[in-house]
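Asker: Predicted model and sequence below, questions to follow.
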Amino acid sequence: MDETIDETIDETNEYDKNIKQTLKTVNNLFDKYKNDEYMLQRIYNHINVNLPNTLLNEMKNHEKKINLNTYLSEEQQIFIQVFLNKHNYYYLQNNNFYYEYDGINYYIVKEDEILHKLLSTISRERVLLKWKHKTKGNIIKQIKERNLFNTTPESDTIQNVLNSLYPYFFKSKNLAKYFLTIIGDNIFKKNNDLLFLVTNKMRQFLDELDIMSLNLIGINNITNRFITKYHENHSFSNCRLININENFKNDYWIELLNKIGLNLLCVACHYSNRNMNSDNFLNTNCDAEEINYVNSLKNIKQINLVEKFMNDFIEITTEDYFIEWKNLHFIWKQFLFINEFPNVIYLNSLKNILKGFFKYDENKDCFIGITSKYLPICRDFIEFWNETIVVLDEYKINENQNDNKYEDELEIDEIVSLFKNWNKNKYNLTEENIIKILKHFFNVEIIENKYILNIFSKSWNKKDDIMKSISFIKNEIKLNNSSYMVCFDDLYNYYQKYCKLYSLKNVVSKRYFEKFLYYKFNEYVIYEKFIKISWVNIS
C-alpha cells in the first residue's frame, strides 16, 4: 500500500513539474517579445488557436496507430498459429537442423525453404505486408523453441515403424517397442547404468543405426549401451538381454533406414517420453515370458547359470565316460545359443566353476564321469570330418602342378548331405550346427556362412564328376546347338541331365560348375558366360 501512495505522489509531482515548466516557458516567451506586437500575437495564436487543433490531430493519429498495431498484432498471432499448425516445423539446436512433419513422415528441411513458404504466404494474404520481416523473425523464433524430440507422431507413423521392425527383426511387437524405448532413452541419456547384451549380428544392425543418427539428428553413439561381450566388472543387475531374428540382410536394414530412419528416431523419443524409461515400459507393457527373458541376467548369478547348464545339458555317469574340455566348451556354447543367452562367463571362470562339481584330469584336459546328449553328434561329425574331408593346404596332391592351383571348396548343404550319407541318417545336423562345429573345432575359411574354401571330400570328387560328364555334354551340344558359342546355363543343364541319367547322388552347384569351367577351359571361355563351339571338338 505504501508503494502505491509513493507512485501516486511521484506522478503528481511530475504533473505539477510539467505545468510549472510549461508556464515558465510561456512567460519567458511573452517577456522576450513584450515589446513586439507581432510576435506577441503569434504566440497567442499558436497557443490558443493552433495548438488545440494540432494536439487533437496528434491524439487521433496516435489512437489510429495504436488501433492498427493492435489489429496487426492480433492478425500476426492468428497467422503464426495457423501457419505453424498447417506446417509442422521443428528444430534441433545441437546440429542447427530444421525438420517438417506431414503427419506420416519426418523430413529435414532447409531454413530457406521455410522462409520462402512463409514470405510467399504473407505476400499472398497481404494483411501483414508491413510486418513481413517482424512476422518472419517471430515464426523462426517459435520454430526454434519446438524441439523435434518432443513431437507426438501420428498413429500411422508409429505403425509404419513398428511394422518395419516386426516380425522381420523382432519376435513380437512389444519387443520392437521396447527396443525403440531404449533408443529414445539413449538419445535423452536416461538409464546410463543399464547395459544391453546383443549378438554380433545385431551389433552390425546397431552400427548402421548410429551412422544414420549422426547424419539425421547430429547425435552419435545412441547405441553405446548395447554391448556384445560381457565383462566381469559388469553387474548382472544392470544387464538386459535383447535379441533379434538373425536371418535379416544388412542391405535390407540399410535400405529401410534410408526410408524410415528419421521416423524411427522420432517414434523412439516418443516412446521414451511416454513411458518414462525402458524398464518401466518392459514391466508395464510386456508379457511374463518377454520380461523374464530380458531380465534373465538381472535375476540370476553366475553359479545359477552354470547349474542350469549342468541340469539341462550334462548327465552324471560312471568314470568310464569323460568329456574333453574343448568338447564341453562347445556344449556350453550350444546351451547359450538354445537359451538365447550371451556369453557372460569367462572361459577360465567357467572351467574353474565346473572343477568344483566334476572330477578333472589335468593331463588329458577332460572332465571325468559325465556325458551329454549333445556330445555324440558332435563327436560323429568330427570323426566324419577327419575321415572324409581333406584340407588342401595339408594335402599332397598327386596330380599335375596346374591342378594344385585350383581352389576347391564344399558348400554347407553339400557337407550336410555327405554327413547324412556317412552316418546313415542317424543324426540330423542343420547347416547352422555344422557352421558352429567348424568354427569351434577346425581352422577353415568360411565365406558367407555357406562356402568352405580349400577343402574336398574323399567320398566325392567333384572335379572328376564334371570331367566324366564332359563327353556327354559335348554330344548334347552337337545335337542341340549350332551357334558360334554355348552359354554356361546350357552347359549346366546338360550336366544335370547327365547326373540324372546316371543316378548320381551328388550334383555340384552351378557356381562350382562355372568356376571349374573357368579354370579348366579358360582359353575357350568368351564374354564371361559362354564357351566357344570349337571346344566341342577338342579331345
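Answerer: Cool, got the structure.

Asker: What ranges in the chain fall below the confidence cut-off?
Answerer: Scanning the chain for pLDDT under 70 picks out the ranges 1-12, 66-76, 79-80, 121-131, 133, 135, 393-405, 425-427, 539.

Asker: Check the gap between the residue nearest the centre of it and residue 110 for me.
Answerer: Centroid-nearest residue in the chain, with C-alpha atoms, centre = their mean: residue 209, separated by 3.2 Å. Going from residue 209 to residue 110 by C-beta to C-beta, to the nearest Å gives 25 Å. Heads up, the C-betas are built off the backbone N, CA and C, glycines and all.

Asker: Kindly report the same for residue 297.
Answerer: Distance from residue 297 to residue 110, by C-beta to C-beta: 46 Å.

Asker: If you count surrounding residues, which of those two has more?
Answerer: With neighbours defined as other C-beta atoms under 10 Å, residue 297 and residue 110 compare such that residue 297 has more, 23 against 10.

Asker: The more buried one belongs to a helix, doesn't it?
Answerer: No. In this structure, residue 297 is coil, not part of a helix, as judged by DSSP: H, G, I helix; E, B strand; the rest coil.

Asker: Surely it touches residue 194?
Answerer: No. Residue 297 lies out of contact with residue 194 (C-beta atoms under 8 Å); the separation is 11.3 Å.

Asker: Please enumerate the shared neighbours of those two.
Answerer: Residues touching both residue 297 and residue 194 (C-beta atoms under 8 Å, 6 or more residues apart in numbering) are 239, 240.

Asker: Name all residues that make contact with residue 517.
Answerer: 488, 491, 525, 531.

Asker: helix, strand or coil for the closest residue to the residue nearest to the centre of the chain other than its chain neighbours?
Answerer: Leaving aside its chain neighbours, residue 209 sits nearest to residue 223 (5.9 Å; criterion: C-beta to C-beta, 6 or more residues apart in numbering). Following three-state DSSP, residue 223 is assigned to coil.

Asker: buried sites along stretch 499-508?
Answerer: Buried residues in stretch 499-508, counted by 16 or more other C-beta atoms under 10 Å: 499, 504, 507, 508.

Asker: need the strands for the stretch 301-450 of the chain, in chain order.
Answerer: 315-316, 322-324, 359-361, 366-368, 370-371, 389-391, 409-411, 445-447 (DSSP state E, counting those that start in this stretch).

Asker: now swap in the stretch 151-300 of the chain and tell me
Answerer: Using DSSP E, counting those that start in this stretch, the strands assigned to the stretch 151-300 of the chain run over residues 195-197, 226-227, 239-241.

Asker: So which of the ones you listed is nearest residue 537?
Answerer: Residue 537 lies closest to strand 226-227 among these, at 62.6 Å (C-beta to C-beta).

Asker: now, among the contacts of residue 517, which is nearest to residue 37?
Answerer: Checking the contacts of residue 517 against residue 37 with C-beta to C-beta, the nearest one is residue 488 at 123.7 Å.

Asker: Would you report the backbone torsion angles of the closest one?
Answerer: phi -60, psi -30 (degrees, to the nearest 10).

Asker: now swap in the one 3 residues further on and tell me
Answerer: Its backbone dihedrals place residue 491 at phi -60, psi -40, with angles given as degrees, to the nearest 10.
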